[in-house]
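>>> Quick one: sequence plus predicted model below, questions after.
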Amino acid sequence: QGAALAQALAALLQPAASRAGGLFATGGETARALLSRLGVQGIRLLEEVAPGVPLGLTRGARRLPVVTKAGGFGDTEIIGHARRRLHAWLQEETAA
């Protein structure tokens, strides 16, 4: 059921993702389904936001900064931290 749920969520998010400036995806299966649905063929690693939480740029149909995190670890602050770092990276890119 997990794979079917991830695919359904990816289909639901696909229209909004085409307008997104960045993406944070938690849960490996969910991230894989969403990125695949967006035509992403890979991710070029830029940095590690926290241990096991990478920030990268997608490769494929669209260049999009993305942070991914496996669902089974991290404290309650990691999502907020990752969101702030993604936002800061986007501001740095805009200023460059």
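Now that the structure is in, tell me what you want to look at.

>>> Can you tell me what sits against the longest helix along the chain?
Assignment by DSSP state H gives helix 78-95 as the longest helix of the chain. Outside helix 78-95, the residues that touch it by CB atoms under 8 Å, 6 or more residues apart in numbering are 21-22, 24, 26, 46, 49-50, 53, 55, 65, 67, 69. From N, CA and C alone the C-beta is placed, and that goes for glycine too.

>>> Tell me which residues of it come out buried.
78, 82, 85-86, 89 (16 or more other CB atoms under 10 Å).

>>> just the strands in this structure please.
23-26, 40-50, 53-60, 65-69 (DSSP state E).

>>> Put together JSON lines for these, with distance to A95 and mean pLDDT on each row.
Output for the strands of the chain, formatted as JSON lines (distance: least, CB to CB, whole Å; pLDDT from 0 to 100):
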{"stretch": "strand 23-26", "distance to A95": "21", "mean pLDDT": "86"}
{"stretch": "strand 40-50", "distance to A95": "16", "mean pLDDT": "93"}
{"stretch": "strand 53-60", "distance to A95": "17", "mean pLDDT": "92"}
{"stretch": "strand 65-69", "distance to A95": "14", "mean pLDDT": "91"}
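
>>> which one among the contacts of helix 78-95 gets closest to L13?
F24 (11.7 Å; CB to CB).

>>> From the chain's centroid, how far away is stretch 32-41?
Here stretch 32-41 shows a centroid-to-chain-centroid distance of 10 Å under the convention CA atoms, centre = their mean, to the nearest Å.

>>> try stretch 46-58
With CA atoms, centre = their mean as the basis, stretch 46-58 stands 9 Å off its chain's centre.

>>> For it, measure first residue to last.
One end of stretch 46-58 to the other measures 10 Å (CA to CA, to the nearest Å).
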